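Enquirer: Whatever this is, show me its structure:
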Amino acid sequence: PWCKSYTKRNKWSKYIHEENNYHWNDRDELLKDDTYLKELYQKIMPALATDLNNIHSVKHDLQYWKIFVGLWLIRFLYVSYDRWRSIELAFKKYNIETTTDLDISLDDIILENSQESIRAFGNDLWNNFIYLDIIKFNFREKTDLVRTEYTYDKKIIYSNPNDLNVNSLINNKVKIILKKLLSYFSSPISLINKVVFFAPGLSKKLIMQIELNLYQIPAILEFNVNPAFDTRIKKEREQKINFGSNNQFETYLEKSLLKFIPKSFIENYAKIKDININRILPKNPKLIITSTGLYLNDSFKLWTAEKISKGSKLAIIQHGGNYGSGKFGSNEFYELDTCNSFINWGQWKNDLNNGCNIEHNKKISELEVDTYEIPKTKYNPNGAILILLMAFPRYLTIVESTHLGPTLKSYTNELIETTNELISLNKD
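Expert: Numbering: from 1, shown residues only. Below you'll find the predicted structure:
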């Protein structure tokens with residue numbers, strides 16, 4: 001579980017403790033909850049769109065806000081429900097007399113953008129805050145809170161461990177500067193392009209060939225993904241979102257959702273709109289093609305939402321596995337729900353539309369893409385077997401039809417058992 005950090009095992013192993021069963025070890029329960037949370041997303045999104053329109057005095061349609069806010073919302077729903085169920089089961093099973101209430105400021109929990117917020121889903125301090133927030137809302141009478149002062153650095157809440165590597169940081173900055181220079185000189189002559197490729201997940205060579213075949217100037221797009229602003233927290237965060245709650249968890253969301261939403265969607269919305277990314281992006285594209293551009297890039301998401309609302313079309317290229325083959329996936333759900341066309345590879349399940357807003361599907365195998373030969377490697381047929389594992393944070397931060405962060409232990413044990421069985425069969 002999240003509280004038993006492997007690097008700190010020498011400390012917690014000394015204490016007498018009991019580990020609560022993780023509620024999504026039951027895969028049938030996970031599938032049922034996945035359906036519930038997707039339906040809840042479709043229920044909340046119109047109410048959230050209305051509130052955001054009122055906050056910003058604009059009149060954008062639902063699809064506009066789904067493109068801009070949707071991925072953060074679906075991810076937050078899975079995360080908050082996971083925390084809710086964990087606390088609920090703990091109080092049902094145990095008599096919890098006292099709970100430590102760390103002095104963590106709400107201002108530090110309200111993060112700048114999608115990237116910081118989704119990173120924070122795996123952070124101890126952020127999770128401490130939301131666990132306590134849930135306890136104060138629904139379980140306050142069952143435990144005594146012991147307020148405790150705690151000193152921390154806000155950057156720890158949302159930072160990527162790679163950011164702390166000096167060499168990595170320098171290399172990334174050099175690359176970004178070079179890309180921005182190329183973007184500065186190439187973008188003005190590509191403003192008339194009708195098809196925009198941004199973070200498409202394909203080789204630069206292939207994209208250049210496609211753009212030339214479309215008789216348009218190849219563009220190198222680079223801009224500030226998530227600019228930082230010095231803004232004060234708006235009082236609008238205190239208001240409720242009324243979407244017709246049917247249970248205590250939904251009532252909690254009505255009260256607390258705006259508390260956790262990144263500043264990009266409230267305080268910094270107007271400032272992001274004012275950023276002149278139109279200087280490097282076409283003004284009237286017919287088609288926008290991306291793979292990962294709508295994940296964490298709030299500037300691009302907002303620009304895309306603006307263009308789609310004016311008649312442009314959005315095509316998303318599959319990124320990674322599990323799409324179509326897995327029973328569910330939060331990213332897959334968001335992408336199919338927002339795009340006009342989805343480009344994938346491989347065999348898809350029959351219910352591709354899955355109730356989402358997709359017009360048609362095109363397999364990537366029909367495109368003329370580069371093929372790569374697998375390099376020849378030398379190996380020992382009698383040697384050891386190398387098994388590559390999937391890595392997730394200790395906390396649940398995303399839901400896919402694979403193992404989850406808190407189920408890493410059981411996932412690893414299953415692989416060990418399977419490997420031992422293969423070894424045993426080979427000996428026989």
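
Enquirer: Surely residue 401 touches residue 329?
Expert: Yes - under the criterion of C-beta atoms under 8 Å, residue 401 makes contact with residue 329 at 6.0 Å. C-betas here are computed from N, CA, C, even on glycine.

Enquirer: what about the two, which has more around it?
Expert: Taking other C-beta atoms under 10 Å, residue 401 and residue 329 do not tie; residue 329 has more neighbours (22 against 16).

Enquirer: so who does the more buried one touch?
Expert: Neighbour list for residue 329: 322, 323, 399, 400, 401 [criterion: C-beta atoms under 8 Å, 6 or more residues apart in numbering].

Enquirer: phi, psi of it?
Expert: Residue 329 has phi and psi values of phi -170, psi 130 when expressed as degrees, to the nearest 10.

Enquirer: beta partners of it?
Expert: residue 400 (DSSP bridges).

Enquirer: what do residue 401 and residue 329 both touch?
Expert: Common neighbours of residue 401 and residue 329 (C-beta under 8 Å, 6+ apart) are residue 322.

Enquirer: longest helix anywhere in the protein?
Expert: helix 62-93 (DSSP state H).

Enquirer: those strands in the protein, which residues are they?
Expert: 98-102, 144-148, 195-198, 287-290, 313-317, 341-344, 360-363 (DSSP state E).

Enquirer: In TSV, list those along with distance to residue 335.
Expert: Below are these laid out as TSV (distance: least, C-beta to C-beta, whole Å):
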stretch	distance to residue 335
strand 98-102	36
strand 144-148	41
strand 195-198	14
strand 287-290	10
strand 313-317	5
strand 341-344	7
strand 360-363	12
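
Enquirer: Turn those into TSV, including distance to residue 257, mean neighbour count and mean pLDDT.
Expert: Converted to TSV, the strands of the chain look like this (distance: least, C-beta to C-beta, whole Å; neighbours: other C-beta atoms under 10 Å; pLDDT from 0 to 100):
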stretch	distance to residue 257	mean neighbour count	mean pLDDT
strand 98-102	22	14	93
strand 144-148	23	10	94
strand 195-198	29	22	92
strand 287-290	27	22	94
strand 313-317	25	22	93
strand 341-344	28	20	85
strand 360-363	32	12	45
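
Enquirer: quick one: which of those strands is nearest residue 35?
Expert: strand 341-344 (20.7 Å; C-beta to C-beta).

Enquirer: Return the distance of the closest one from the chain's centre.
Expert: Centroid displacement of strand 341-344 relative to its chain, using C-alpha atoms, centre = their mean, to the nearest Å, is 19 Å.

Enquirer: Output stretch 328-348 as PDB, restricted to C-alpha atoms.
Expert: What follows is stretch 328-348, C-alpha atoms only, in PDB (Å, rounded to 0.1, in the frame of the first residue of the first chain):
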ATOM      1  CA  PHE A 328     -11.300   0.000 -19.700                       C
ATOM      2  CA  GLY A 329      -8.900   2.900 -19.500                       C
ATOM      3  CA  SER A 330      -9.400   6.500 -18.300                       C
ATOM      4  CA  ASN A 331      -7.200   8.100 -21.000                       C
ATOM      5  CA  GLU A 332      -8.900   6.000 -23.800                       C
ATOM      6  CA  PHE A 333     -12.300   7.100 -22.500                       C
ATOM      7  CA  TYR A 334     -11.300  10.800 -22.500                       C
ATOM      8  CA  GLU A 335      -9.800  10.700 -26.000                       C
ATOM      9  CA  LEU A 336     -12.700   8.900 -27.600                       C
ATOM     10  CA  ASP A 337     -15.100  11.300 -25.900                       C
ATOM     11  CA  THR A 338     -13.400  14.400 -27.300                       C
ATOM     12  CA  CYS A 339     -12.100  13.600 -30.700                       C
ATOM     13  CA  ASN A 340     -13.800  13.400 -34.100                       C
ATOM     14  CA  SER A 341     -11.600  10.700 -35.400                       C
ATOM     15  CA  PHE A 342      -9.300   8.200 -33.600                       C
ATOM     16  CA  ILE A 343      -6.300   6.500 -35.300                       C
ATOM     17  CA  ASN A 344      -5.300   3.200 -33.700                       C
ATOM     18  CA  TRP A 345      -3.500   0.000 -34.500                       C
ATOM     19  CA  GLY A 346      -4.400  -3.600 -33.800                       C
ATOM     20  CA  GLN A 347      -7.700  -5.300 -33.000                       C
ATOM     21  CA  TRP A 348     -10.400  -3.300 -31.200                       C
END
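
Enquirer: Which of the residues in it are classified as buried?
Expert: 328-345 (16 or more other C-beta atoms under 10 Å).

Enquirer: residue ranges with poor pLDDT in the stretch 201-350 of the chain?
Expert: 222-228, 230, 276-279, 346-350 (pLDDT under 70).

Enquirer: all helices for it, in order.
Expert: Under the criterion DSSP state H, counting those that start in this stretch, helices of the stretch 201-350 of the chain are mapped to 204-213, 248-260, 269-274, 293-296, 298-309, 330-338.

Enquirer: want to throw those helices into a markdown table with distance to residue 48?
Expert: Shown next, in a markdown table, are the helices of the stretch 201-350 of the chain (distance: least, C-beta to C-beta, whole Å):
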| stretch | distance to residue 48 |
| --- | --- |
| helix 204-213 | 34 |
| helix 248-260 | 7 |
| helix 269-274 | 13 |
| helix 293-296 | 17 |
| helix 298-309 | 14 |
| helix 330-338 | 14 |
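
Enquirer: Which one of those lies nearest to residue 284?
Expert: Closest to residue 284 of the helices of the stretch 201-350 of the chain is helix 298-309 (C-beta to C-beta; 8.1 Å).

Enquirer: All good on my end, thank you.
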